[in-house]
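Enquirer: Predicted structure and sequence below. I'll ask about it afterward.
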Amino acid sequence: MRPGARRQPLYDQLVDILTEKIEQEYRPGDLMPSERELSERYGLSRTTVRLALQELERLGMVVRQHGRGTFVADRSAQATNLSQQYSFTEQMRSMGRVPETTILEFSEFDADKQLAERMGVRPGDRLFKLKRLRAADGVPMMVEKTYLPVRKFLTLKRPLLDSMPLYEIIESVYHEKIRLAEEEFFASVARTADAHLLGIAEGDPVLDLVRTTYNTSNEIIEYTLSVARADQFKYKVVHQRLP
């Protein structure tokens, strides 16, 4: 193992080594060396090797199949393209995963000054707040807090939110045509409440996302703050040169 890295746990050093090989030498679908081969190659115990492979699996870099071995994951297929309209439900289904949404809160309140500025409304205007936990294949992925102007969705009730995706409700039920959505994202660490919901430790890395959705009249019809597990999401932005 690497000299000068004695304070770093052995399995963590192996994670670094294998990550570099995955990124530079291996291709998606390649079979990784077995636990025994890795143990002999790097002079480590099988337990240490197993911990390293478990960490790589948690990071989404490998897929472990019982009885077959460990394979390099196709992470490009799991990337979310932010240049297109994004639906968690549709994205997870396109990846062959089973999406699940749990509504944690649905309420109505008066917009404070900060939210009013973010959404282009007046302080005191009524807003809906929708807090949801998004999961895929039973794994918690994201906590979302969505704000909607009540005047645009006057009859919105909890049963409707339980029955269909939000963007489908916005466009099909309320006939608000989405023109564009702006999304910012940045690295952060999990706060206590979000960590509990996401099944991770407080202080673990997360992605904070801020999404603002506009209709064809350039009105803000959705403002969403999300916290996503950094080990479950990889984002891709496509830049296209205009002719």
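Expert: Right, received. Where do you want to start?

Enquirer: ok, V121 to L127 distance?
Expert: For V121, the distance to L127 (Cβ to Cβ, to the nearest Å) stands at 8 Å. From N, CA and C alone the C-beta is placed, and that goes for glycine too.

Enquirer: My error: substitute H66 in the last question.
Expert: Taken as Cβ to Cβ, the span from H66 to L127 is 48 Å.

Enquirer: Look at the two and report which has more neighbours.
Expert: Neighbour count, other Cβ atoms under 10 Å: between H66 and L127, L127 has more, with 22 against 5.

Enquirer: wait, what's in contact with that one?
Expert: Residues in contact with L127 (Cβ atoms under 8 Å, 6 or more residues apart in numbering) are E108, F109, D110, A111, L115, M119, V121, Y147, L148, P149, V150.

Enquirer: let's see 7 Å
Expert: Contacts for L127 (Cβ atoms under 7 Å, 6 or more residues apart in numbering) come out as F109, A111, L115, Y147, L148, P149, V150.

Enquirer: Just among those, which is most surrounded?
Expert: Counting neighbours by other Cβ under 10 Å, L148 comes out on top of the contacts of L127 with 26 neighbours.

Enquirer: quick one: what helix or strand has it in it?
Expert: Assigned by DSSP states H and E, L148 falls within strand 139-149.

Enquirer: as a whole number, average confidence for stretch 89-97?
Expert: Average pLDDT, stretch 89-97: 71.

Enquirer: By average pLDDT, which secondary structure element in the chain comes out worst?
Expert: strand 79-81 (a mean of 48; mean pLDDT, DSSP states H and E).

Enquirer: downstream neighbour of that strand in the secondary structure list?
Expert: Following strand 79-81 in sequence, per DSSP H and E, is helix 88-94.
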